[in-house]
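# Here is the input, now give the coordinates:
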Amino acid sequence: MEISINKSNYLKGIAIILMLVHHLFAYPGRISSDISVYHIVNGIDIEMYLGLFGKICVSMFLFLSGYGFSLKKEISFKYIWGKLKNLYISYWIVLFIFVPIGIIFFPGERYSLSPSLFIENFIGLKSTYNSEWWFFKLYVLYVLSLPLLSKLNTTALLGVLFAAAMCGKGLQYFPWAPQVLIEYCTWLLPFGFGMVFGRTQQAPADSWPAKLIATLGRTHPLILLVVTVAVFIVAHNPGLLLVTPLFIIAMMKTADALGSRVNKAVVELGKHSMYMWLTHSFYCYYFTQKLIFAPRYTPLVLLLLILVSYLTSLVLSRIEWAIKSGGMGGKTDSRRDLPEG
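Got it, this is the predicted structure:
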């Protein structure tokens, strides 16, 4: 089953919407107590459950990234350098615009003037300016791991993935274990699944990975969704890591049913998922939380955050284009998805 560029952007659009749902509704404690929110169903916080499920967005981005990387015939130093350069340019544009806003208008511990803390955030080692940037460091590490991961055959790669997942689970019980190591081992699973999924494009049709994916491709999307939700209910976030491929396939199979206008809108959001990820939490958590929740009704709150984040991405994309066309050279498409191979 092939994931085209258009389908990839569609899936990233779904993922970025789920990310916004996750950060808006999964953590009621992060919303100011003087903000009133009206839920879809009185007395039942459906939005919180949808928000908790929205955590699958991280696995989706990693899966699609691994898929993209698997299609590369050669993972060279030049290729890795180009990927990281583009990533850091986007990251630094947001950092140098939003962090000064935080320092000037929202002074406090989060926006410390410590030079050492600035350097750690600048490199991506820490995410104290924006807690939702924790994913940045992880993605950099996976890109740096590509020369090794890409040389493993499918069986060996799957062995490494499950061994790493078990190590990540086990290390949680040791206080001395570095958090970054736990996260790396834990989230490697969907990244590697994406690589395996991509490799089946060139694998023999009678190989077991190709047969498995073909079978899943023939399965009704409702069944895939039911299995995904059931595993999430039973196993929570660890379960989402395992069933991300099922959810991806289900979303691909139902894409056309949404209608062309909705489909195009979701694809457009997917193209802007990078800057929407990097900026949305400034609005819903750190800078303008009361404004974002002003509509009060949860669907309208979500639509407002989507709109504000998308418009921000349009502006930042133009800034990135100006920077690159002004002397950095290379191909410029600041609407690239997050992340890609």
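
# ok, residue 160 - contacts?
149, 152, 188, 192 (Cβ atoms under 8 Å, 6 or more residues apart in numbering). For the C-beta atoms, the positions are set from N, CA and C on the backbone; glycine is no exception.

# chain center to stretch 183-194: distance?
Centroid separation for stretch 183-194 versus its chain: 12 Å, with Cα atoms, centre = their mean, to the nearest Å.

# Quick check on the contacts of residue 160: which are buried?
The neighbour-count test (16 or more other Cβ atoms under 10 Å) marks 149, 188, 192 as buried among the contacts of residue 160.

# Only the buried residues of the helix or strand containing the last one, if you could.
If you go by DSSP states H and E, residue 192 is part of helix 179-199. Taking 16+ other Cβ under 10 Å as the neighbour-count basis, helix 179-199 is seen to contain the buried residues 182-199.

# That one packs against which elements?
If you count contacts as 3 or more Cβ pairs under 8 Å, 6 or more residues apart in numbering; DSSP states H and E, helix 179-199 packs onto helix 56-70, helix 134-149, helix 154-171, helix 208-218, helix 221-254.

# Quick check: mean pLDDT of it?
Summarised as a single mean, pLDDT over helix 179-199 is 96.

# the inter-axis angle of it versus helix 221-254?
80 degrees (axes from the mean of the first three to the mean of the last three Cα atoms, to 10 degrees).

# low pLDDT regions in the protein?
Within the chain, the stretches with pLDDT under 70 are 327-341.

# so what's residue 22 closest to, chain neighbours aside?
residue 54 (3.2 Å; Cβ to Cβ, 6 or more residues apart in numbering).

# In this structure that neighbour contacts residue 21, no?
Yes. Here residue 54 lies in contact with residue 21, judged by Cβ atoms under 8 Å, at a distance of 4.3 Å.

# Common neighbours of the two, please.
By Cβ under 8 Å, 6+ apart, no residue touches both residue 54 and residue 21.

# Name the residues of stretch 140-147 that are buried.
Buried-residue list, stretch 140-147, by 16+ other Cβ under 10 Å: 140, 141, 142, 143, 145, 146.

# Please enumerate residues in contact with that stretch?
By Cβ under 8 Å, 6+ apart, the residues outside stretch 140-147 that reach it are 62, 65-66, 69, 75, 80, 83-84, 87, 124, 180, 184, 188, 191.

# try 10 Å
Stretch 140-147 is contacted from outside by 62, 65-66, 69-70, 72, 74-77, 79-81, 83-84, 87-88, 91, 123-125, 149, 180-181, 183-184, 187-188, 191-192, 195, 339, 341, using Cβ atoms under 10 Å, 6 or more residues apart in numbering.

# Brilliant, that's me finished.
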